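Peer 1: Sequence and predicted structure below; questions after.
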Amino acid sequence: MENQDFNVQEYVNQMSFLLDLPINDEYKHGVIANFERIKDIAEIVNNFPLPESIEIAPIFEP
C-alpha cells in the first residue's frame with residue numbers, strides 16, 4: 001500500500017495531541033525524522049511480495 005499523501009509531521013502532531021504527550025520544540029525535528037525513517041522501512045516491508053502458497057506459522061520458534 002502506497003500512500004504518497006501521508007504527512008509525517010502532521011501525524012506526529014496529532015499523535016502528540018491525542019496521547020497528551022507534548023514534544024518539546026527542541027526534540028520535534030528528531031522525532032519527525034525518526035518517523036520518516038520508520039515510514040520508509042515499513043513501506044519496504046509492506047511492499048515485499050509473498051507467494052499465495054505461504055502459510056502462517058502457528059508458533060514462532062527462533
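Peer 2: That came through, no problem. Residues are numbered from 1 along each chain as shown.

Peer 1: Quick one: low-confidence residue ranges for the protein.
Peer 2: Within the chain, the stretches with pLDDT under 70 are 1-4.

Peer 1: So in it, which helix runs the longest?
Peer 2: As assigned by DSSP state H, the longest helix anywhere in the chain is helix 25-46.

Peer 1: That one - contacts with which helices or strands?
Peer 2: Contact analysis of helix 25-46 by 3 or more CB pairs under 8 Å, 6 or more residues apart in numbering; DSSP states H and E lists helix 8-18 as its packing neighbours. (Glycine included, C-beta is placed from N, CA and C.)

Peer 1: Quick one: residues in contact with the helix it packs on.
Peer 2: Outside helix 8-18, the residues that touch it by CB atoms under 8 Å, 6 or more residues apart in numbering are 21-23, 28, 31-32, 35-36, 39.
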